[in-house]
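>>> pasted the sequence and its predicted model underneath.
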Amino acid sequence: MGLNILLVEDERNLARSIRELLTAQGHEVSLAFDGNEGLRQAELIAPDLLLLDARLPGLSGPEILRRARAIYPTLAALVFTAYASVEDAVAVMKLGAFDYLQKPLDLDRLCVLVDRVEETVRLKQELAYYRSLDEPILVGESPAILSLREKIDRLSRLEGSQGLPTVLISGETGTGKDVVARLLHQQSSRRGGAFLAINCVALPESLVESELFGYERGAFTGAQGAKLGLMEAADKGTLFLDEIGDLPLPIQGKLLTAIERKTVRRLGGIRDRKVDPWILAATNRNLESLIGDGTFRADLYYRLRVVHLELPRLRERAGDIPLLAEYFLRLHATRYGKSGKKLAPDALSTLQAYPWPGNVRELSHAIEQAVLWSKDEILTAADFAWPGHLAGGAARPFATPDEAVRTLLREGLSSAEIEKRLLQQALEASGGNISQAARLVGMTRDILRYRMEKYGIAAG
Ligand SMILES: Nc1ncnc2c1ncn2[C@@H]1O[C@H](COP(=O)(O)OP(=O)(O)OP(=O)(O)O)[C@@H](O)[C@H]1O
């Protein structure tokens, strides 16, 4: 990635050869030839690494280090000391220098130390990135987000000695349901307990059951020991049931009983155990239509939505896009060691014009890609126009057929409804011309006519 280095050295020829050497290794090196100028530049450019001669006209190296560190506490520094000047070496190490080198300089050793600093800076940036992932942050100032934040605050303040109200979080994919669940937990009186999550879509029925309720030894072939279920493990903490619409029907009844009675019985067990997890559930499917289809229990639905938080689609709060874009730019730039990137106004308007079917997750991915591939500091609209993505800002609803089908399924549409919409759109696109619409969807005219009749679609 290359470091941004400031070298303060009064021996000009030496300074220039060090700059040449380090520049060849991919670093960016600025020079200052006296102490005062060195400090001024350090304040100005906030380098990743200071290379300092200990003895300088004006301010000494250790003095520059002390003052610069007062402003940038994590700034790395390597100090060049006069041969055998032990006091200098001790002084600079006490000030937090990364290491020191004795003069005359061994340039190979200098390169090795700069490599080590680079590795440390990269690790620190990665750590900052992962820490930031751990802390749920809900970016946005739109009325919908402000009202959501207020609801989260109010829920978090509940003491709930008798248990907290179950919360159903709904919204399209990528709108931040997971973020909201984590925020609720972290701000609430449950924050001292565990936050456990289960994705109901990812697991087969038997596994969901044993994950949720646990089992006793010998409950089934292969159950060699007892296992604690998530309902028990999240006791006094929070259990987040993600994609609840996909929970198999037989387990739905068991979950309802467990929530109502605040007890669980492990598979193969004979006694009920008292549990008190705070239940948060999320869905990107329309649970009411699943109830209509008979795949989701109405009683569980009403039990879960004691409090209902509905997350807005990103396209309904496009005013938040600049804030979110800046936030993801900082996040990904830090992650890839590319700080200093900025968004040009045309990039922002491109991002605001796009409908974001994948919502905030898709925006985050778009910015990550742009940070990765753009060579310039300023990201322009062109950086968001790679094939298969925003296509110059025009609406492209889905990247792949699989994504299209997944999204339609999440909306709770049946295959008949999906086909009906497909045919309607083909007719719209062909201006009502049946032959042309049939070609678009790969059917004969007669079959298209037959299906139009079946779905009650008029020719237009
Ligand atoms: N308001 C927001 N502020 C900052 N980051 C957000 C916001 N909303 C979503 N994100 C980020 O977008 C990504 C997707 O969010 P999240 O996983 O919470 O969505 P989801 O609604 O749970 O999606 P799915 O239904 O697909 O599980 C995450 O990286 C998350 O951190």
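Yes, it's here. Quick caveat, the model's predicted, so the values are computed rather than measured.

>>> quick check on the one residue in the stretch 51-200 of the chain that gets nearest to the ligand: phi, psi?
Nearest to the ligand, among the residues of the stretch 51-200 of the chain, is G176, at 2.7 Å (C-beta to the nearest ligand atom). For glycine as for every other residue, the C-beta is placed from the backbone atoms N, C-alpha and C. For G176, the backbone dihedrals are phi 110, psi 30 (criterion: degrees, to the nearest 10).

>>> what's around it, how many residues?
24 (other C-beta atoms under 10 Å).

>>> do the same with G294
9.

>>> quick check: it vs Y301, distance?
Between G294 and Y301 the computed distance is 13 Å (C-beta to C-beta, to the nearest Å).

>>> same question, V167
13 Å.

>>> could you verify that S339 is part of a strand?
No: counting by DSSP: H, G, I helix; E, B strand; the rest coil, S339 falls outside a strand, being coil.

>>> residues contacting it?
Listed by C-beta atoms under 8 Å, 6 or more residues apart in numbering, the contact set of S339 reads A333.

>>> same thing with S142?
P312, R317, G319, D320.

>>> which two in these are spaced the farthest apart?
P312 and G319 (11.0 Å; C-beta to C-beta).

>>> who's more crowded, those two?
Neighbour count, other C-beta under 10 Å: between P312 and G319, P312 has more, with 20 against 14.

>>> phi, psi for that one please.
Phi and psi for P312, reported as degrees, to the nearest 10, are phi -70, psi 150.

>>> D48 too?
Main-chain torsions, D48, degrees, to the nearest 10: phi -80, psi -30.

>>> and it, how many neighbours?
As a burial measure, D48 scores 26 neighbours (other C-beta under 10 Å).

>>> what's the distance between A223 and the ligand?
30 Å (C-beta to the nearest ligand atom, to the nearest Å).

>>> contacts only, for that residue.
Neighbouring residues of A223 by C-beta under 8 Å, 6+ apart: Y215, E216, R217, L267, G268.

>>> so the last one makes contact with T221?
No: in terms of C-beta atoms under 8 Å, G268 does not count as a neighbour of T221; the distance is 11.3 Å.

>>> for stretch 331-344, buried residues please.
L331, H332, A333, T334, R335, Y336, G337, K338, K341, L343 (16 or more other C-beta atoms under 10 Å).

>>> now the end-to-end length of it.
End-to-end distance for stretch 331-344: 17 Å, by C-alpha to C-alpha, to the nearest Å.

>>> check the offset of that stretch from the chain's centre.
On the basis of C-alpha atoms, centre = their mean, to the nearest Å, stretch 331-344 sits 15 Å off its chain's mean C-alpha point.

>>> before we move on, what about stretch 66-81?
With C-alpha atoms, centre = their mean as the basis, stretch 66-81 stands 32 Å off its chain's centre.

>>> done for today, thanks.
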